[in-house]
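> Fold the following.
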Amino acid sequence: MTKWRDDFMGPAGLVFKTPVKPKRRRVPEGGGGKKRKPPEREMLARVIRTVRRVPQVMVKVSGKAGGLRHVAEHLAYITRNGKLVGERGDGEELRGAAAVRDLARQWTEAGHDRRNARDTINLVLSMPKGTDRVAVAEAARAFARSQFGATNDYLMAVHDDTDQPHAHITVKARGFDGVMLDPKKDDLQAWREAFAEELRARGLECEATPRAARGQVLKGEVQSVRHMRDRGAELRVDAERMRRALEVVERGLGKLEALEPWEAAVKQRSRDVRRAWFQMAKVLEGEGGADFEQLAGEIKAFVATMPDAKTRNTLLEERVRGVVQMQQSKGLARGE
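Model (predicted):
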């Protein structure tokens, strides 16, 4: 495989790379000294799992908590007010509402409420419906231990009352060394890959492919924003988006001219990723062999199903443009 390693690894590296880098790395690398495949074999395995659409793992930062009241409420939520067993990094099991409240006091130092405090980072690890719940719990436990056990205190609770098996991990933001945990996008991807590795070690096929590598642009709506929308507080944001979309359509600007810089960057990233996928397929085809040719075909089919790189603003502009054109057509039909 060495003769085509560079030609393959370059495009593959672009596809699986997370573009945003953290200012300060606070997350230990996953794996804990496990024996790893050669880089090209490991990357090829990721390509195969991605194009064959194995389940994607989810590791989400659900928020932060600051101050005694907020931290206590969140710890009570993940432990069902002490009815579920909470597992700490040192192996201690936390049982009962009083123990949960006591931990909240410990984590908020003097136990006082403080504005804009960040005492905890709250994570959710989950897998799709039907995944082995025991394996997910074991993988989450190993993940928490490897990622935070040596640096931060944490409390983990496994929830078995939903279709999707998942675990909550609340990490004390201030580490044992006094440094604050401040996860960035690159850290989140590293966590996803570490969790996926723990799941695969327990026999579950899964992957942690970046969204852009799968052609996905639109992110799921942030939980806090969804709650705001439910209360009607987000209407002014929707109104501003609609105003901008109408302005773009009325000016008759082309799609590229109407793009904000960040939107143009999203589209360029999408084009680069697709080009890299095709380059990988070309390299595999040139290597020869039925297996490589089959995988090259799977890659091309995978790229063909990728959605267009459209942001929410772009989709809104298209809908507004369609409504305006329909109204204009009706006006012409009436002779207006």
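> For the residue lying closest to Gln279 once chain neighbours are set aside, give its distance to Met280.
Closest residue to Gln279 apart from its sequence neighbours, by C-beta to C-beta, 6 or more residues apart in numbering: Pro11 at 4.1 Å. C-beta: built from backbone N, CA, C; applies to glycine. Look at Pro11 and Met280: by C-beta to C-beta, to the nearest Å, they are 5 Å apart.
> neighbour-wise, which of those two wins?
The residue with more neighbours, out of Pro11 and Met280, is Met280; 25 against 22, by other C-beta atoms under 10 Å.
> low-scoring stretches of the stretch 1-150 of the chain, by residue?
Along the stretch 1-150 of the chain, the model assigns pLDDT under 70 to residues 1-4, 18-37, 110-116.
> Apply 90 and report the result again.
Counting by pLDDT under 90, the stretch 1-150 of the chain has low-confidence residues at 1-7, 17-41, 91, 109-118.
> Could you pull out the strands in it for me?
Using DSSP state E, counting those that start in this stretch, the strands of the stretch 1-150 of the chain run over 58-65, 86-88, 93-94, 120-126.
> Please point out which parts of stretch 298-306 sit buried.
With burial defined by 16 or more other C-beta atoms under 10 Å, the residues of stretch 298-306 counted as buried are 298-299, 302-303, 306.
> could those go into JSON lines alongside distance to Asp182?
Shown next, in JSON lines, are those (distance: C-beta to C-beta, whole Å):
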{"residue": "Glu298", "distance to Asp182": "39"}
{"residue": "Ile299", "distance to Asp182": "36"}
{"residue": "Phe302", "distance to Asp182": "35"}
{"residue": "Val303", "distance to Asp182": "35"}
{"residue": "Met306", "distance to Asp182": "33"}
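> returning to what we had before: which one of the strands of the stretch 1-150 of the chain lies nearest to Gly215?
strand 58-65 (17.8 Å; C-beta to C-beta).
> So which residues make contact with that closest one?
Contact with strand 58-65 is made by 71, 73-74, 118-127, 168, 170, 173, 183, 188, 191-192, 195, 208, 223-224, as judged by C-beta atoms under 8 Å, 6 or more residues apart in numbering.
> Show the average pLDDT along stretch 158-173.
Over the span of stretch 158-173, the pLDDT mean works out to 95.
> That stretch spans what distance, first to last residue?
Stretch 158-173 stretches 20 Å from its first residue to its last (C-alpha to C-alpha, to the nearest Å).
> List the buried residues in that stretch.
158-159, 165-173.
> May I ask which two of these are separated the most?
With C-beta to C-beta as the measure, no two of those lie farther apart than Pro165 and Ala173, at 26.3 Å.
> measure the closest residue to Asp153 other than its chain neighbours to Ser126 for me?
Computed as C-beta to C-beta, 6+ apart, the closest residue to Asp153 that is not its neighbour in sequence is Lys172, at 4.3 Å. Lys172 is 22 Å from Ser126, where distance means C-beta to C-beta.
> Filter the buried residues of stretch 158-173 down to the ones in strands?
158-159, 166-172 (DSSP state E).
> first to last residue in stretch 175-184, what's the distance?
This stretch, stretch 175-184, spans 16 Å end to end (C-alpha to C-alpha).
> Now it: buried residues?
175, 181, 183-184.
> With secondary structure and distance to Ser270 as added columns, please give the residues you listed in JSON lines.
Below are the buried residues of stretch 175-184 laid out as JSON lines (DSSP: H, G, I helix; E, B strand; the rest coil; distance: C-beta to C-beta, whole Å):
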{"residue": "Gly175", "secondary structure": "coil", "distance to Ser270": "37"}
{"residue": "Leu181", "secondary structure": "coil", "distance to Ser270": "31"}
{"residue": "Pro183", "secondary structure": "coil", "distance to Ser270": "25"}
{"residue": "Lys184", "secondary structure": "coil", "distance to Ser270": "22"}
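> tell me the least confident of the residues you listed?
Of all the buried residues of stretch 175-184, Lys184 carries the smallest pLDDT score, 90.
> Which parts of this protein are helices?
Using DSSP state H, the helices found in the chain span residues 5-16, 39-51, 68-78, 97-107, 133-148, 185-201, 223-230, 235-251, 255-258, 261-287, 290-304, 312-333.
> Please report phi then psi for the nearest residue to Glu193 once chain neighbours are set aside.
If the residues on either side of it in the chain are set aside, Glu193 comes closest to Ala208, at 4.6 Å by C-beta to C-beta, 6+ apart. Phi and psi for Ala208, reported as degrees, to the nearest 10, are phi -130, psi 60.
> Hmm, Ala208 is touching Thr50, no?
No: the criterion here is C-beta atoms under 8 Å, and Ala208 misses it with Thr50 at 9.7 Å.
> Please enumerate the shared neighbours of the two.
Contact with both Ala208 and Thr50 is made by no residue, according to C-beta under 8 Å, 6+ apart.
> How is the protein partitioned into domains?
For the chain, the structural domains run 23-32+52-209, 223-333, going by automatic domain parsing.
> Return the most buried member of those.
Highest mean neighbour count of the domains of the chain: domain 23-32+52-209, a mean of 18 (counted as mean count of other C-beta atoms under 10 Å).
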